[in-house]
Each structure stands twice: as structure tokens, then as C-alpha cells.
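> What would the 3D arrangement of this be:
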Amino acid sequence: MKIIGIILITIGIGLLVFRGYSFSKNERLSKTGSTVIRKKMEEKVIWPQYAGAFAMAVGVFILIGRNKLREE
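Okay, the predicted model is just below:
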């Protein structure tokens, strides 16, 4: 469980630092005979800031909860 908590904390920090990413793709608009019309489209993927905070919180909870169970 300790490794899962550490992974979640790392993912949470990554989500907070990197707010999203973008990529481009070529989309075919039409084709007439041998002529093809394409358009370069830029797509963005953005995740909410609370997703990183939530992942970090769950990771910390797992680490702290695991230690408290051992103490009892």
C-alpha cells in the first residue's frame, strides 16, 4: 500500500504542475477525385486542478492510514 500512496502523490503533483497537453491532427474535410482537402486541427486536453489535489490527498491518506493501523 505504501507504493500506491507514493504513486498517487507523484501523479497528483504531476497533475498540478502540468495542467494539460495539446496535440495536432490532420482531418480530411473532403475528397473529390484525386484532390483531398485536409485541415490541421489542434486539440487540447485540460484536466481540473482539483484532480491533482484529490490524488495527492488520497495518497497522503493511504500513507498516514497505513502507519496508524500499524501503531494500533
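> which strands and helices sit next to the lengthiest helix in the chain?
The residue-count maximum for a helix in the chain (DSSP state H) belongs to helix 49-71. On a contact count with 3 or more Cβ pairs under 8 Å, 6 or more residues apart in numbering; DSSP states H and E, helix 49-71 meets helix 2-17. (Glycine included, C-beta is placed from N, CA and C.)
> what's next to the helix it packs on, contact-wise?
Contacts with helix 2-17, where a contact means Cβ atoms under 8 Å, 6 or more residues apart in numbering, come from 47, 49, 51-63, 66.
> go again using 6 Å as the cut-off
Helix 2-17 is contacted by residues 51-52, 55-56, 58-59, 62-63 when judged by Cβ atoms under 6 Å, 6 or more residues apart in numbering.
> Could I have the buried ones of those residues as PyMOL selection syntax?
Buried members of those, defined by 16 or more other Cβ atoms under 10 Å, are picked up in PyMOL with:
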select buried, resi 52+55+56+58+59+62+63
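> one step back: tell me the gap between the longest helix of the chain and the middle of its chain.
18 Å (Cα atoms, centre = their mean, to the nearest Å).
> Confidence-wise, which helix or strand of this structure is lowest on average?
The weakest-scoring helix or strand in the chain, judged by mean pLDDT, DSSP states H and E, is helix 49-71 (a mean of 83).
> Just want the angle from that one to helix 2-17.
160 degrees (axes from the mean of the first three to the mean of the last three Cα atoms, to 10 degrees).
> Pull the residues that contact helix 49-71.
For helix 49-71, the surrounding residues in contact (Cβ under 6 Å, 6+ apart) are 1, 5, 8-9, 11-12, 15-16.
> Report the buried members of those.
Neighbour counting with 16+ other Cβ under 10 Å marks 5, 8-9, 11-12, 15 as buried within these.
> could those residues go into JSON lines alongside pLDDT and distance to Ile37?
Below are those laid out as JSON lines (pLDDT from 0 to 100; distance: Cβ to Cβ, whole Å):
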{"residue": "Gly5", "pLDDT": "89", "distance to Ile37": "52"}
{"residue": "Leu8", "pLDDT": "92", "distance to Ile37": "46"}
{"residue": "Ile9", "pLDDT": "93", "distance to Ile37": "48"}
{"residue": "Ile11", "pLDDT": "93", "distance to Ile37": "41"}
{"residue": "Gly12", "pLDDT": "92", "distance to Ile37": "44"}
{"residue": "Leu15", "pLDDT": "91", "distance to Ile37": "38"}
